[in-house]
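Q: Show me how the following folds:
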Amino acid sequence: MKKTLYMILLLAFACVVGGFIGSAAKGPVAWLGKSAGFSFEPGNFLQTDVLSLTFGISFNINVAQIILVIIAVFVYYKTAPKLIAAK
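A: Numbering: from 1, shown residues only. Reported below is the predicted structural model:
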């Protein structure tokens with residue numbers, strides 16, 4: 001349980017920080033901000049006079065996030081056994 005939570009926290013941190021870095025990247029490191037996206041928005045699922053229910057999902061990821069996620073996985077495999085074993 002601790003290892004899973006640790007991995008989720010590392011990946012979430014990598015995605016958030018990578019998003020900030022990617023959106024702020026300018027000049028010679030502008031390639032860090034290159035992004036690709038995917039979205040699925042089928043329209044209204046349920047539409048009545050009172051309620052309109054819509055489901056959809058979208059992902060947008062940039063180069064900085066990919067790099068930081070790879071680093072986070074590397075850090076996890078190097079630190080998790082030591083961190084969890086040191087009770």
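Q: Poorly predicted segments of this protein, please.
A: Applying pLDDT under 70 to the chain flags residues 44, 84-87.
Q: All the helices of it, residue numbers only.
A: Counting by DSSP state H, the chain has helices at residues 2-24, 63-85.
Q: between these, which gets nearest to L51?
A: With Cβ to Cβ as the measure, helix 2-24 is the member of the helices of the chain nearest L51 (32.4 Å). In short, each C-beta sits where N, CA and C put it, glycine included.
Q: just checking, what packs against that closest one?
A: When contacts are defined as 3 or more Cβ pairs under 8 Å, 6 or more residues apart in numbering; DSSP states H and E, helix 2-24 packs onto strand 57-62, helix 63-85.
Q: would you turn those into a markdown table with distance to K26 and mean neighbour count?
A: What follows is these, written out as a markdown table (distance: least, Cβ to Cβ, whole Å; neighbours: other Cβ atoms under 10 Å):
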| stretch | distance to K26 | mean neighbour count |
| --- | --- | --- |
| strand 57-62 | 13 | 13 |
| helix 63-85 | 12 | 15 |
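Q: Of the ones you listed, which is nearest P42?
A: Closest approach to P42 among those is made by strand 57-62 (10.0 Å; Cβ to Cβ).
Q: and that closest one with helix 63-85, angle?
A: 90 degrees (axes from the mean of the first three to the mean of the last three Cα atoms, to 10 degrees).
Q: ok and strand 57-62 relative to helix 2-24, angle-wise?
A: Per the same axes, to 10 degrees, the angle that strand 57-62 makes with helix 2-24 is 70 degrees.
Q: Report the distance from strand 57-62 to the chain centre.
A: A distance of 8 Å separates the centroid of the chain from that of strand 57-62, by Cα atoms, centre = their mean, to the nearest Å.
Q: Any chance you could list what contacts that strand?
A: Strand 57-62 is touched from outside by 18-19, 22-23, 32-41, with contacts defined as Cβ atoms under 8 Å, 6 or more residues apart in numbering.
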